[in-house]
Structures are given as C-alpha cells and as structure tokens.
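Novice: this one's structure only:
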C-alpha cells in the first residue's frame, strides 16, 4: 500500500516525551516524530544515513561538532556514524526523518512494512 495515514500507526516512545510512527519499505524508513517541549533525543549515532525536515516548532539540533537552533522548514542530512542530538525548545516540535537502510530496531517495534505496489 503506497499511501500512508500516519494516524493508523501506533506510536512508540523511544525516549520520554518523544513519540514516533515509523512506516517502512524495503530500503527506507520514514519516522514521524512528535516531541514535547523540552524533550530530548540524546546524543547517539547509528550506521544508517538519516535526513529530515522540521515540520513544526524549533529544535536545538547538534550534528557532529555543530549545534544550531533550527525552525520549521529546516532540513538536515546526517551521515552514518555521526553523533547527533535534538531538543525541542520553546514548545512542541514535529520532525519527519528518513532512514536508509531501514532501522531494524524500530522495524521490530512497529512491524509496519509497506510492500511494493
């Protein structure tokens, strides 16, 4: 099924104050991330390439050695194995992330594979 209604997905809470819905296909995963004000995705890294766009709110976003305050519309790319962190500041935030390849740890939690049409 190539069309996604994100509300059909049960959210998972990887860290307090952060809810994620993660539909995925064969080679990539989407992550619709809702963050409460002050919620933090702590510094971490993974072997997956990650890109994203901040849909709503403001984030203090750290990628590698650089930290910026970004607002809705900001886009980012995070290479594999680069440490990164995000904190919602001044209110809640919504981020759409894309991972390639699929994050197996999230896939096991959601089990929402979308087969090719």
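Specialist: On my side now, so go ahead. The structure displayed is predicted, hence computed values, not measured ones.

Novice: all helices for this protein, in order.
Specialist: 104-110 (DSSP state H).

Novice: Could you list which residues are in contact with the residue nearest in space to the middle of the chain?
Specialist: Centroid-nearest residue in the chain, with CA atoms, centre = their mean: residue 97, separated by 3.9 Å. Contacts for residue 97 (CB atoms under 8 Å, 6 or more residues apart in numbering) come out as 30, 31, 33, 50, 51, 52. For glycine as for every other residue, the C-beta is placed from the backbone atoms N, C-alpha and C.

Novice: Just the closest of those to residue 63, please.
Specialist: residue 50 (9.5 Å; CB to CB).

Novice: Could you list the low-pLDDT ranges of this protein?
Specialist: The model of the chain has pLDDT under 70 over residues 1, 111-117.

Novice: can you pull out the strands in it?
Specialist: 12-15, 18-21, 29-35, 40-44, 49-56, 58-63, 66-71, 75-78, 84-88, 93-100 (DSSP state E).

Novice: Residues in contact with the second one: which ones?
Specialist: Looking back up the chat, that one is strand 18-21. By CB under 8 Å, 6+ apart, strand 18-21 touches 6, 9-14, 31-36, 39, 41, 106, 110.

Novice: what lines up beside it in the sheet?
Specialist: Sheet pairing of strand 18-21 (DSSP bridges) gives strand 12-15 (antiparallel), strand 29-35 (antiparallel).

Novice: Just the buried positions in the first one, please.
Specialist: By neighbour count, with 16 or more other CB atoms under 10 Å as the criterion, the buried positions of strand 12-15 are residue 14.

Novice: Distance-wise, check residue 28 relative to residue 101.
Specialist: Note on residue 28: its distance to residue 101, by CB to CB, to the nearest Å, is 7 Å.

Novice: Thanks again, I'm all set now.
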